[in-house]
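# I'll drop the sequence and a predicted model, then ask my questions.
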Amino acid sequence: MTNWEEQIDAVWSDRTLSDAQRIERIDALAEQRPDHDARALFERAGARDSAGLEAEAEGLYRQALDAGLDDEHRAQAAIQLASTLRNLGRIEEALEMLRAERERGGPLADAAAAFYALTLASKGDPYTAAAVALETLAPHLPLYTRSVAAYAKELAAPPR
């Protein structure tokens, strides 16, 4: 981990900072990077998103993704952008992004599924949302994996 990343982590870990202070510190650190640096754009987006400034965050997330984030941060940016879109009322776009991220797999596939379920609930589809959440949870259970997976399929099935 570079010194810059450690400084970014320290800002995110500092619970005494207000949203405005966090944005200010992240922006100052981002200025240390080259223009259009994907990671700096991602951090700036996250600071605004965390502060409830979704409209400002959206453009920065898109710029970060276009600039070419590494796999770990690309997945985070996709999930966070989709969550931002959900908060902005753009449910279908959010669902499409989260579906793609979930299908891509990788270490954040379950996180993408969690946000996919939240977005389905926001859409007014609580049964499918619960099915997605249970389907994702089932493999992690010490017992009842098959039962929970079967109930998830039942919930996802159209009503008779």
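Looks like it arrived, so ask away.

# where along this structure do the helices fall?
Secondary structure of the chain (DSSP state H): helices at 3-13, 19-30, 38-50, 54-67, 71-87, 91-104, 109-123, 126-137, 145-156.

# any low-confidence regions in this protein?
Applying pLDDT under 70 to the chain flags the ranges 1, 158-160.

# hmm, back to that, mean neighbour count for the helices of the chain - can I get that in CSV?
(Glycine included, C-beta is placed from N, CA and C.) Supplementary listing: the helices of the chain in CSV, determined by neighbours: other C-beta atoms under 10 Å:
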stretch, mean neighbour count
helix 3-13, 13
helix 19-30, 16
helix 38-50, 23
helix 54-67, 18
helix 71-87, 20
helix 91-104, 18
helix 109-123, 20
helix 126-137, 18
helix 145-156, 14
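
# mind exporting stretch 12-30 as CSV, just the C-alpha atoms?
In CSV, the C-alpha atoms belonging to stretch 12-30 read as follows (Å, rounded to 0.1, in the frame of the first residue of the first chain):
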residue,chain,number,x,y,z
TRP,A,12,-12.1,7.4,5.7
SER,A,13,-11.3,6.0,9.1
ASP,A,14,-11.5,9.3,10.9
ARG,A,15,-14.9,9.4,12.4
THR,A,16,-14.5,12.9,13.8
LEU,A,17,-14.6,14.5,10.3
SER,A,18,-17.7,16.1,9.1
ASP,A,19,-18.9,15.3,5.5
ALA,A,20,-17.5,18.7,4.3
GLN,A,21,-14.2,18.1,6.0
ARG,A,22,-13.9,14.6,4.5
ILE,A,23,-14.6,16.0,1.0
GLU,A,24,-12.0,18.7,1.5
ARG,A,25,-9.3,16.3,2.7
ILE,A,26,-10.1,13.7,-0.1
ASP,A,27,-10.0,16.5,-2.7
ALA,A,28,-6.6,17.7,-1.4
LEU,A,29,-5.2,14.2,-1.6
ALA,A,30,-6.7,13.8,-5.1
